[in-house]
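Student: Next input, structure requested:
(2 chains)
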Amino acid sequence: MSYVLIIGAKSDIAKATAREYAKHGYDLYLAARNVSELETFANDITIRFDRKVKCIELDILDYISHKSIYDGLEEKPLGIISAVGYLGELSETQKIIDTNYTGVVHFINIIANDFEQRKSGFIVAISSVAGDRGRKSNYIYGSAKAALTTYLSGLRNRLYAANVHVLTVKPGFVATKMTEGMDLPKKLTAKPEDVATDIYKAQQNGKNVLYTKWIWKWIMLIIKTIPEFQFKKMNL
Amino acid sequence: MALLSWGNYPNIDVIAYKFENRQALKNIINQHNNIIASGNGRSYGDSALNKHQIDVKSYNYFLDFDQNTGILHCQAGVLLSEILETFIPKGWFVSVTPGTKLITVGGAIASDVHGKNHHVKGSFSDSIVEFTMMLENGEIIICSHSINPDIFQATCGGMGLTGIIIDAKIKFLPINSSMIDQLTIKTKNLQDTFEAFEQYKDYTYSVAWIDCMAKGDSLGRCLLMVGEHADDGNLDYVNTNKISIPFQFPSFVLNNLTVKSFNSLYYAKVRQAVSQQKIGIDSFFYPLDAIGNWNRIYGKNGFTQYQFVLPLEKSYEGLEQILSKIAASGKGSFLAVLKLFGKANANWLSFPIQGYTLALDFKIEPGLFELLNELDKIVLKYEGRFYLSKDVRVSKQTFEAGYKDIDKFRQLRKQYKMDQKFHSLQSKRVGI
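Tutor: Numbers count the residues shown, from 1 in each chain, chains lettered A, B, ... in the order given. Okay, here's the model as predicted:
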């Protein structure tokens, strides 16, 4: 077995996903900014699962560097998982869009070209249910994720012929550093480990879009069907 | 957020603080002066309960493993279950384990937990090479039998009241199989039970399930289970699939009749006087872990476990009186566990001393604490002591009567100003 590349590897979902893949026999490239902070974590995986783990410095906003970083990987990965995400404040428009959309798309494009040529590989990217409908509390983040979802859908369509599988992951509430301090409803909130298990299963089974927890598929269906004239008055 | 103890009693609101590194931990410690470390919430009583808790569970990386010596260096939030999943297939096992694997390494040290092999391997701290701890002022020290031995002896069994355990080096036991060869011995009464413990004392593991509802001639009848690691070279290990108790049972489900029926059936299930089985590590050590949230069967009022130990020479007389009193009260539990401990270690508040220990679960209900107060008197009369990790109710006087080193512990707490920082509901109640 060989490598899976995880970008945005410092997030709680990324870490749980890394463990899940290592448990199933994959080696890992973990890419993130200030990646030295991940060394203890990488070492833990090596001891736990006897897998090779390499940490790679990656600034998703430094687009120019993306190509050389990917080219620098001696052994090309079997798949990539993007866990890049930045919730931010509404005032950070540029950074939110650049991180969640532009940066991720720029990086995945490079990989998509390689996978397409090799006619194999999988691409998993964590989008969000927030992209299913704009709400006043986080619509910059939501719209960037919506754009990412649309990008992935197009990419899936393009790469189908090349036998490259694309999985869009839409988590609902997840108890992570990003949501720490928020008062989330317990029954609707997933643990990062649950999300990781769901991602692994969905990727292995060739699923296209994954809502996790599953109930979010139905919640978002309802939210999407509320007429706009009603929706605009709501406090969401 | 409400973080509960395993007994679901008492039920208080708690704020838990997580940390990712030592600096973050230091910041938490600096900002609070009434706080306690908490692990995986498996202490039965109020040992890890305080309005403000330090959540050590998510600080859980393996740091290093030496395949030659079998020594693991890991952070304090690592669960025993994680250790088993990784290391049983490599031929290693924790040399001391309690009846649940769902506890953290930090918690295992703080409670200085014991297992079915106490008479051979001692307590959990006896397998600790050293650990790292953050003191009240943020200073980080190493403790072992030879480095800072006084703090080591206070911390092992010290219920988190000396500081925050950050990481530890644990020495494992080499094994050749993930199976256990078990013998089950059925006894007729307490005398018979004591003789069986004596007869099978050379087995590494031994524990008895005792029918605490039996009276008269059958008083003290039990199933004694002894075991050894098998030697068949099969190291396969799968974390047992869990069934879960999804909600609290109504409190009336467990009553005198259901408990009595369970006890009789469980005892009657084994027909031969001595029978042999080969079972997996999980079934042998952790039968209850297979049922997630089994504490919920006791209902929303919660339950408590009552565990004491009596010195060897007084064990028979004391147990006879205590079992008679419980049987007469009709308040039985279906989990009554009897075990013969080996010699005590040097730690100041570690629970085990040489003699018999009995652990019983009781549903919290009217009249229970009155019964337990009566039992306390018998335990003290026979110079026994109580286990803080299970306890939720003993008084200061009752607790300290059993622990001769208690003043040394208090003195050390004062000397290092630990008493100005680390508290639990339990430490306040028993005055440590």
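
Student: C-alpha only now, for contacts and for neighbours.
Tutor: Noted.

Student: Just give me the longest helix of the chain.
Tutor: Just going to use chain A. Across chain A, the longest stretch assigned as helix under DSSP state H is helix A:139-159.

Student: wrong one, I was asking about chain B
Tutor: Chain B, longest helix under DSSP H: helix B:312-329.

Student: okay, and the helix or strand of chain B with the least pLDDT?
Tutor: strand B:243-244 (a mean of 60; mean pLDDT, DSSP states H and E).

Student: got the angle between the helix or strand following that strand and helix B:312-329?
Tutor: Helices and strands here follow DSSP states H and E; after strand B:243-244, the next one along the chain is helix B:256-269. Helix B:256-269 runs at 130 degrees relative to helix B:312-329, counting by axes from the mean of the first three to the mean of the last three C-alpha atoms, to 10 degrees.

Student: Show me which parts of helix B:256-269 are buried, residue by residue.
Tutor: Under the neighbour-count criterion of 16 or more other C-alpha atoms under 10 Å in any protein chain shown, helix B:256-269 has B:V259, B:K260, B:N263, B:Y267 buried.

Student: one step back: so which bits of the longest helix of chain B are buried?
Tutor: Going by neighbour count (16+ other C-alpha under 10 Å), the buried part of helix B:312-329 is B:L312, B:K314, B:S315, B:Y316, B:G318, B:L319, B:I322, B:L323, B:S324, B:K325, B:I326, B:A327.

Student: Ok, stretch A:118-132 next?
Tutor: Buried residues in stretch A:118-132 (16+ other C-alpha under 10 Å): A:120-132.

Student: Go through those residues and say which is closest to B:E20.
Tutor: Here the nearest of the buried residues of stretch A:118-132 to B:E20, counting by C-alpha to C-alpha, is A:I126; it sits at 23.5 Å.

Student: Run through the residues that contact residue 228.
Tutor: All of this refers to chain A. Going by C-alpha atoms under 8 Å, 6 or more residues apart in numbering or on different chains, A:E228 touches no other residue.

Student: Correction: the question concerned chain B.
Tutor: Residues in contact with B:E228 (C-alpha under 8 Å, 6+ apart) are B:I180, B:D181, B:Q182, B:Y203, B:T204, B:Y205.

Student: Name the nearest residue to the fifth one, sequence neighbours excluded.
Tutor: Okay, so that is B:T204. In space, and not counting its chain neighbours, B:T204 is closest to B:N117: 5.4 Å by C-alpha to C-alpha, 6 or more residues apart in numbering or on different chains.

Student: Show me the strands in chain A, by range?
Tutor: Per DSSP state E, chain A carries strands over the ranges A:3-7, A:27-32, A:53-57, A:79-82, A:122-126, A:165-171, A:209-212.

Student: Which strands or helices does the fourth one pack on?
Tutor: For strand A:79-82, the contact count by 3 or more C-alpha pairs under 8 Å, 6 or more residues apart in numbering or on different chains; DSSP states H and E identifies strand A:3-7, strand A:122-126 as packing neighbours.

Student: before we move on, back to that, out of the contacts of B:E228, who's nearest chain A?
Tutor: Ranked by distance to chain A (C-alpha to the nearest C-alpha), these are led by B:I180 at 24.1 Å.

Student: so where's the chain shaky on pLDDT?
Tutor: Using chain A. Residues of chain A that meet the criterion pLDDT under 70 lie in A:1.

Student: wrong chain, I was asking about chain B
Tutor: Along chain B, segments meeting pLDDT under 70 span B:1-5, B:240-254, B:256-257, B:292, B:294, B:297, B:334.

Student: Name the single longest strand found in it.
Tutor: Across chain B, the longest stretch assigned as strand under DSSP E is strand B:164-174.

Student: That strand vs chain A: in contact?
Tutor: No. Interface with chain A: strand B:164-174 contributes nothing (C-alpha under 8 Å from any C-alpha of the partner chain), its closest point being 13.0 Å away.

Student: Return the list of strands paired to that strand, each annotated with direction.
Tutor: strand B:71-75 (antiparallel), strand B:92-94 (antiparallel), strand B:128-134 (antiparallel) (DSSP bridges).

Student: helices and strands around whichever helix or strand comes after the first one, which ones?
Tutor: In the C-terminal direction, the helix or strand that comes right after strand B:71-75 (DSSP H and E) is helix B:80-87. Taking 3+ C-alpha pairs under 8 Å, 6+ apart as contact, the helices and strands that helix B:80-87 lies on are strand B:92-94.

Student: how about the strand it packs on: buried residues?
Tutor: By neighbour count on 16+ other C-alpha under 10 Å, the buried set for strand B:92-94 is B:W92, B:F93, B:V94.

Student: who touches B:L25 in this structure?
Tutor: Applying C-alpha under 8 Å, 6+ apart, we find B:L25 in contact with B:K18, B:F19.

Student: Run a quick neighbour tally on the closest residue to chain B within chain A.
Tutor: Distances between chain A and chain B by C-alpha to the nearest C-alpha are smallest at A:D44, namely 4.8 Å. Counted by other C-alpha atoms under 10 Å in any protein chain shown, the residues lying close to A:D44 total 21.

Student: Relative to A:G72, how far out is the nearest residue to it once chain neighbours are set aside?
Tutor: Closest residue to A:D44 apart from its sequence neighbours, by C-alpha to C-alpha, 6+ apart: B:F62 at 4.8 Å. In this view, B:F62 and A:G72 are 29 Å apart by C-alpha to C-alpha, to the nearest Å.

Student: more crowded one of these two?
Tutor: A count of neighbours by other C-alpha under 10 Å puts B:F62 above the other of B:F62 and A:G72, at 26 against 11.

Student: Show me what that one is bridged to.
Tutor: Going by DSSP bridges, B:F62 forms beta bridges with B:C74.

Student: What is the burial count for residue 100?
Tutor: By default, I'm working from chain A. A:N100: 27 neighbours (other C-alpha under 10 Å).

Student: I was thinking of chain B, sorry if that wasn't clear
Tutor: For B:T100, using other C-alpha under 10 Å, the count is 17.

Student: so which helix or strand takes in it?
Tutor: With DSSP H and E as the criterion, B:T100 is inside neither a helix nor a strand.

Student: What separation is there between it and B:N117?
Tutor: Following C-alpha to C-alpha, the distance that separates B:T100 from B:N117 is 14 Å.

Student: Run the chain-centre distance for stretch A:112-126.
Tutor: Distance, stretch centre to chain centre, for stretch A:112-126: 15 Å (C-alpha atoms, centre = their mean, to the nearest Å).

Student: Name the residues that touch that stretch?
Tutor: Contacts to stretch A:112-126, defined as C-alpha under 8 Å, 6+ apart, come from residues A:77-85, A:152, A:159, A:162-171, A:203.

Student: wait, what's in contact with A:F41?
Tutor: Taking C-alpha under 8 Å, 6+ apart, one finds B:Y61 in contact with A:F41.

Student: re the thing from before, now distance to chain A too, for the buried residues of helix B:256-269, in TSV please.
Tutor: Below are the buried residues of helix B:256-269 laid out as TSV (distance: C-alpha to the nearest C-alpha, whole Å):
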residue	distance to chain A
B:V259	33
B:K260	37
B:N263	37
B:Y267	40
